[in-house]
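# sequence first, then the predicted structure, then my questions.
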Amino acid sequence: MQLAELKQAGRNPSLPLTLTLADAAGPADLQLLSLLRVLPGQRYVGAALWRGTPVLAKLLVGGNAARHFQRELEGVRLLAAQGLTTPTLLADGLVEGQGGWLLFEFLGQAQSLDDAWQQVATQPALSDGQQQVIGEALAAVARMHAVGLWQDDLHLDNLLRQGERLYLIDGAGIKAETPGKPLSRQRVLENLGVFFAQLPKRLEPFLEELLVHYLLANAEHALPLEALQKQVDKVRAWRQKDYLDKAGRECSLFSVERSLSKLQAIRRSEVDALSPVLEQADSLIDQGHLYKTGGAASVARVEVGGRALVIKRYNIKNTAHWFKRFWRPSRAWHSWIEGQRLAFLDIATPRPLAVLERRVLGLRGRAYLITDYVDGPDLTECFAPYVDDGQAPQAQVDALVSLMRQLIRERISHGDFKGHNLFWVDGQWSLIDLDAMCQHATQRSFAAAYARDRARLLRNWPSGSALHQRLDALLPRLTE
């Protein structure tokens, strides 16, 4: 295969495939064995063999190949020139009309810091394991800043650990202010804002403690916490908008199909498993364990390949109901987006996996939402034994207060805080039934909605009960 033909290979080209490339020593075959990252028709990154040597190949095709090739090459050279640890570039080339390639030494048994983070992500905030991963990353970033460089797409996946060495990768994102001289304070704050904005929000109270790892490797500037927090907030807001936009379009994270007959979105990693589930959703609901049936929605737990899922079908009750619903986004789609929002904000909810709106000539009809099944008691069940004495477990009460504070922080209202919509899972309350959820643009609109949420939550128990009175005293108010 010629390099230019790779542009037509799509997201999943048949492997292994052989490309003929030429360097100073003449033409040779590159055998691409596996793919690690793909941007269809533009970039293919994977493990390969070149002249008998294992390499990491970056293959750039399409109309922007030359520009992307030059950015990558310049970034790699900047890292190497400043003595930073980065994989050795073994060969590169650019052919007009075909594309470019960069072949790096292959780091066997290397692990990205993102993979390392996933192994400790569920540990208590700022555990020793989490500190080690974040500390390694910040030390590497500090060394880069000390020589005038920064990574504008800074995230844990761009740091590879092999044994005791940490490698900086992805030259396309490497920028320079004045190579060899420390980065300016403003640029440092901006770049650290990018880094910290990608960590779970529950780590924000520990920002000062985490920053010590950076300062131990590069103490060139005083870094005011308030200024850093502003950068973190700015980047996080942008990332949230970008992530929610991606949930509605074809990208590396989501597979999205839009036509006159349907709107369908599936987490890309789940496409093979869940496409058949969406096709037979009605029969699976009929065969599953029904929690709710008829009316505006039907909800069932189903077993697919030994895996428990929840399917929620949003019904059209009659013609009048259809006239109210066909012209606006379905409640399934709204719940899909709000579920992604909560997941992004590190607020517990069953992971939204797929959504389908059935359409006729573009007009919406029935819709379906698939989520993970969470196995745990709901709030009503958990607190039922304590209504009279008010002695609900402190851990569950504290978690409820913490959840409300999270919602206040993000200006999110749920819209239906009955006890059956909160489940106790892994030491936290997980929210379901997101049909009416809203993130408010103004504090004024949120204040009224939060007051309704708080009042609805308390109505789960008689107003004169000890439990009601205890929670009323503890749950945060906006007037505090």
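Nice, thanks for sending it over.

# what pLDDT does residue 140 get?
Predicted confidence (pLDDT) at residue 140: the value is 97.

# sorry, that was for residue 360
On pLDDT, residue 360 comes in at 70.

# for it, which residues make a bridge with it?
Residue 360 has the following beta-bridge partners by DSSP bridges: residue 363.

# doesn't residue 261 make contact with it?
Yes: in terms of C-beta atoms under 8 Å, residue 360 counts as a neighbour of residue 261; the distance is 7.2 Å. (Glycine included, C-beta is placed from N, CA and C.)

# higher neighbour count, the two?
Set side by side, residue 360 and residue 261 show unequal neighbour counts under other C-beta atoms under 10 Å, the larger going to residue 261 at 14 against 11.

# where exactly do the helices run in this protein?
Listed in chain order, the helices of the chain (DSSP state H) span residues 65-81, 113-120, 128-146, 185-197, 207-217, 225-246, 271-279, 281-287, 319-325, 331-344, 379-383, 394-410, 443-458, 466-474.

# and the angle from the last one to helix 394-410?
This means helix 466-474. Following axes from the mean of the first three to the mean of the last three C-alpha atoms, to 10 degrees, one obtains 40 degrees for the angle between helix 466-474 and helix 394-410.

# and what of the longest one?
Helix 225-246 runs at 90 degrees relative to helix 394-410, counting by the same axes, to 10 degrees.

# tell me which residues of helix 225-246 are tucked away?
Buried residues in helix 225-246, defined by neighbour count with 16 or more other C-beta atoms under 10 Å: 228, 231-232, 235-236, 240, 244, 246.

# same check on the first one?
Judged by neighbour count using 16+ other C-beta under 10 Å, the buried positions of helix 65-81 are 65-66, 68-69, 71-73, 75-76, 78-79.

# returning to what we had before: mean pLDDT lowest where, among the helices of the chain?
When these are compared on mean pLDDT, helix 319-325 scores lowest, with a mean of 60.

# can you list the domain ranges for the protein.
With domains defined by automatic domain parsing, the chain comprises 3-105, 111-246, 254-372, 379-474.

# with distance to residue 180 as new columns, can the buried residues of helix 65-81 be given to me in CSV?
Converted to CSV, the buried residues of helix 65-81 look like this (distance: C-beta to C-beta, whole Å):
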residue, distance to residue 180
65, 30
66, 28
68, 26
69, 25
71, 20
72, 21
73, 19
75, 16
76, 17
78, 10
79, 13
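
# tell me the one of those nearest residue 314?
Using C-beta to C-beta, residue 68 is the member of the buried residues of helix 65-81 that lies nearest residue 314, at 42.3 Å.

# give me the nearest residue to that closest one, chain neighbours excluded.
Computed as C-beta to C-beta, 6 or more residues apart in numbering, the closest residue to residue 68 that is not its neighbour in sequence is residue 60, at 4.9 Å.

# how many neighbouring residues does the one you found have?
Residue 60 sits with 27 neighbouring residues when counted by other C-beta under 10 Å.

# what sits against it?
Counting by C-beta atoms under 8 Å, 6 or more residues apart in numbering, residue 60 touches 42-43, 68-69, 72, 99-102.

# pLDDT value on it, please?
Per-residue confidence (pLDDT) for residue 60: 96.

# just give me the residue closest to the centre of this structure.
With distances taken as C-alpha atoms, centre = their mean, the chain has residue 344 as the residue nearest its mean C-alpha position (5.7 Å).

# how far away is that one from residue 54?
According to C-beta to C-beta, to the nearest Å, residue 344 stands 36 Å off from residue 54.

# can you list contacts of stretch 213-229?
Residues from elsewhere that reach stretch 213-229, judged by C-beta under 8 Å, 6+ apart: 131, 134-135, 138-139, 141-143, 145-146, 182-183, 185, 188-189, 192-193, 196, 204, 207-208, 211.

# just the buried members of the residues you listed?
131, 134-135, 138-139, 141-143, 145-146, 182-183, 188-189, 192-193, 196, 204, 211.

# format the helices of the chain as a markdown table; extra columns: distance to residue 419.
Converted to a markdown table, the helices of the chain look like this (distance: least, C-beta to C-beta, whole Å):
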| stretch | distance to residue 419 |
| --- | --- |
| helix 65-81 | 53 |
| helix 113-120 | 32 |
| helix 128-146 | 33 |
| helix 185-197 | 34 |
| helix 207-217 | 35 |
| helix 225-246 | 29 |
| helix 271-279 | 29 |
| helix 281-287 | 24 |
| helix 319-325 | 27 |
| helix 331-344 | 19 |
| helix 379-383 | 3 |
| helix 394-410 | 11 |
| helix 443-458 | 8 |
| helix 466-474 | 11 |
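
# which positions in stretch 435-447 come out as buried?
Buried residues in stretch 435-447, counting neighbours by 16+ other C-beta under 10 Å, are found at 435, 437-440, 446-447.

# just flag the most distant two among these.
Most distant of these, by C-beta to C-beta, are 435 and 447, 21.6 Å apart.

# what about the nearest residue to residue 149 once chain neighbours are set aside, distance to residue 225?
Leaving out its chain neighbours, the residue that sits closest to residue 149 by C-beta to C-beta, 6+ apart is residue 176, at 5.4 Å. With distances taken as C-beta to C-beta, residue 176 is found 27 Å from residue 225.

# need the contact list for the residue nearest to residue 350 when sequence neighbours are not counted.
The shortest distance from residue 350 to any residue other than its chain neighbours is 4.1 Å, reached at residue 371 (C-beta to C-beta, 6+ apart). Residues touching residue 371, when contacts are defined by C-beta under 8 Å, 6+ apart, comprise 309-310, 312, 339, 350-353, 432.

# so what's residue 371 bridging to?
Per DSSP bridges, residues listed as beta-bridge partners of residue 371: residue 310, residue 352.

# what's the answer for residue 299, then?
Beta-bridge partners of residue 299, as defined by DSSP bridges: residue 292, residue 312.

# and the gap between it and residue 380?
According to C-beta to C-beta, residue 299 stands 16 Å off from residue 380.

# which of these two has more neighbours?
The residue with more neighbours, out of residue 299 and residue 380, is residue 299; 18 against 15, by other C-beta under 10 Å.

# let me know the pLDDT of that one.
Looking at residue 299, its pLDDT is 93.

# in the lengthiest strand in the chain, what's buried?
The strand that spans the most residues within the chain, counting by DSSP state E, is strand 26-39. Within strand 26-39, the residues scored as buried using 16+ other C-beta under 10 Å are 30, 32, 35, 38.

# now stretch 38-53
38, 40, 42-50.

# would you turn the residues you listed into JSON lines with distance to residue 271 and pLDDT?
Conversion of the buried residues of stretch 38-53 to JSON lines gives the following (distance: C-beta to C-beta, whole Å; pLDDT from 0 to 100):
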{"residue": "38", "distance to residue 271": "14", "pLDDT": "91"}
{"residue": "40", "distance to residue 271": "14", "pLDDT": "90"}
{"residue": "42", "distance to residue 271": "20", "pLDDT": "93"}
{"residue": "43", "distance to residue 271": "20", "pLDDT": "94"}
{"residue": "44", "distance to residue 271": "19", "pLDDT": "95"}
{"residue": "45", "distance to residue 271": "20", "pLDDT": "96"}
{"residue": "46", "distance to residue 271": "20", "pLDDT": "95"}
{"residue": "47", "distance to residue 271": "23", "pLDDT": "96"}
{"residue": "48", "distance to residue 271": "25", "pLDDT": "96"}
{"residue": "49", "distance to residue 271": "29", "pLDDT": "96"}
{"residue": "50", "distance to residue 271": "31", "pLDDT": "95"}
